[in-house]
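> predicted coordinates and the sequence they were generated for:
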Amino acid sequence: MAVNHHWLFGVFAYLGYELGGFPLLVISNALLNLLAIGGVLLVASKISSTKSALIAGVFLLPLLIDRNQVRPETISFLFSSIFLVILWFQTKKRRWWLTALVALQIVWVNSHLFFVFGPGLVGAFFLRSLFVKKFRWQLKSLGITLLGVVLASFFNPVAWRGVIQPFMIFSNYAYPVAENQSVWFFLKFHPSPSYWYSAIVLIITFGLVAYILKQRRSEFLPLILITAVFAIAGEMVTRILSFFALLSIPLFSISFDSIWNKYAKTIHRLQENTLAVMIISTVSFVGLLILIRTSLFVPSLYSLGVRETPNANDSAEFFKTLNPSGNIFNNYDIGGYLIFHLYPDYKVFIDNRPEAYPSSFIENEYIAAQKDEQVWEEIAEKYDIGSIFVYYRDRTDWFEPFIIRRLDDPRWVAVYADQDAIILLDDRPENAELIAKYRLPEGVFSY
């Protein structure tokens, strides 16, 4: 049985969609993300300056907005911020705030896999209270809170199995999901400006961590630990980069503030030097143009708005009118879309949860069927595949050759294609009328 580690977010999303449709989900998602960033900026401004906090936020912006879609991760993004805010601003009079973390953890463990960040954040502050004498007064309250947050994680439908899921999920994870690859993987195979920027930020981060450590600022120990751990995790798994950016804002702001104060006189002298101002202004302007050109700090006009992209639902609506014979063969990327539109009338072959499928199925049936024609014929017969419904922008090594072979295969007839999806029907008697009516003309596809 697969563990659904984000079932509660599904409830929230369903209720939101029923209440206000897709626009409400998008607006709510944006507001929760802004709230999360605002909370961390508040912490950063209190321990450094508003100016340094804003500079840090802007510097990390490309990473912060990397995963801004409506996802269960939004809950983790928000709760990570709330945990940090409560932990940082706790005082002897506010220790009762820590009880809120236990209640939040119960929601978190049922909403997203990254609930493990909760005990991690509490643990970072607990270590400071353990090793830094000035914060020893927090030791008991943080120890109780840490225990409470860990125990609260067991309040999920599958108890201990839900708790260990973050550490076991990759044990049955046979599909190479892009977001789980490292930064250096993308620099090698897809070296876009965003990944180069991420790599540069990570390198700078370790320099700043060393810089703050050298200053022996023990009060910042939790921020150092959190930033270092999330930087390493973000380098290994790119989906964590947005969390690294969020939680490292305070350390960046401290560093910027410290560097500014240390070199303030030198900076002021440069500001009074006309030639230096000209050179700095020119370099800054050129750098700004380069950054604008990379779109790192400028949103795509295509992505603006609160509604679905134009014609996003057309392929599913068309498929509903067909009601073809047999079952669907679909690829990984479109699984959730098909469940949303076609369940319970049709079941998908695979969806976007690799951990929910046996690795033997993914490797020996789903992937093998796209690589090997004999396996494909066996799979098509075994599962009575009567239609192929795929997201054609799939970038796996095996998909493009597979779909080209299907388009060249007289047994499979293309009846629909748009900017995202292709639908083919098995040329069986039950589909004959549909094929005669909707067959796409030859020459539609070029490859």
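Good, I have the coordinates.
> can you pull the buried residues of the helix or strand containing L407?
Using DSSP states H and E, L407 sits within helix 399-408. Within helix 399-408, the residues scored as buried using 16 or more other CB atoms under 10 Å are 399, 402-403, 406-407. All C-beta spots, glycine's among them, are computed from the backbone N, C-alpha and C.
> scan this structure for its longest helix.
Using DSSP state H, we find that the single longest helix of the chain is helix 7-47.
> mind giving me the packing neighbours of it?
helix 50-59, helix 73-89, helix 241-262 (3 or more CB pairs under 8 Å, 6 or more residues apart in numbering; DSSP states H and E).
> I'd guessed L139 sits against L130; true?
Yes - the pair L139 / L130 is scored as a contact, 6.2 Å apart, by CB atoms under 8 Å.
> ramachandran angles for V3?
Phi and psi for V3, reported as degrees, to the nearest 10, are phi -90, psi 120.
> use 105 as the first number from now on
Let's use 105 as the start, then, which means that last one is V107.
> quick check: closest non-adjacent residue to it.
The shortest distance from V107 to any non-neighbouring residue, by CB to CB, 6 or more residues apart in numbering, is to Q269 (4.9 Å).
> wait, what's in contact with that neighbour?
107, 109, 217 (CB atoms under 8 Å, 6 or more residues apart in numbering).
> about what we covered before: nearest to I526 among the helices and strands packed on helix 111-151 would be which one?
helix 177-193 (29.2 Å; CB to CB).
> now render the helices and strands packed on helix 111-151 as JSON lines, adding mean neighbour count and mean pLDDT.
Listed next are these as JSON lines, based on neighbours: other CB atoms under 10 Å; pLDDT from 0 to 100:
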{"stretch": "helix 154-163", "mean neighbour count": "19", "mean pLDDT": "93"}
{"stretch": "helix 177-193", "mean neighbour count": "23", "mean pLDDT": "96"}
{"stretch": "helix 345-366", "mean neighbour count": "23", "mean pLDDT": "92"}
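> now those helices in TSV, with distance to P295?
Converted to TSV, those look like this (distance: least, CB to CB, whole Å):
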stretch	distance to P295
helix 154-163	21
helix 177-193	25
helix 345-366	16
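> go through the ones you listed and name the closest to D522.
The closest of these to D522 is helix 177-193. By CB to CB, the value is 28.0 Å.
> for the closest one, packing partners?
Where contact means 3+ CB pairs under 8 Å, 6+ apart, helix 177-193 is packed against helix 111-151, helix 202-213, helix 221-235, helix 325-340, helix 345-366.
> where does the prediction get shaky in this structure?
Along the chain, the parts satisfying pLDDT under 70 run over 105, 371, 374, 380, 395-397, 403-407, 551.
> and it, what are its domains?
As assigned by automatic domain parsing, the chain contains the domains 111-366, 418-542.
> looking at the ones you listed, which is closest to F401?
domain 111-366 (6.1 Å).
> I am finished for the moment; much appreciated.
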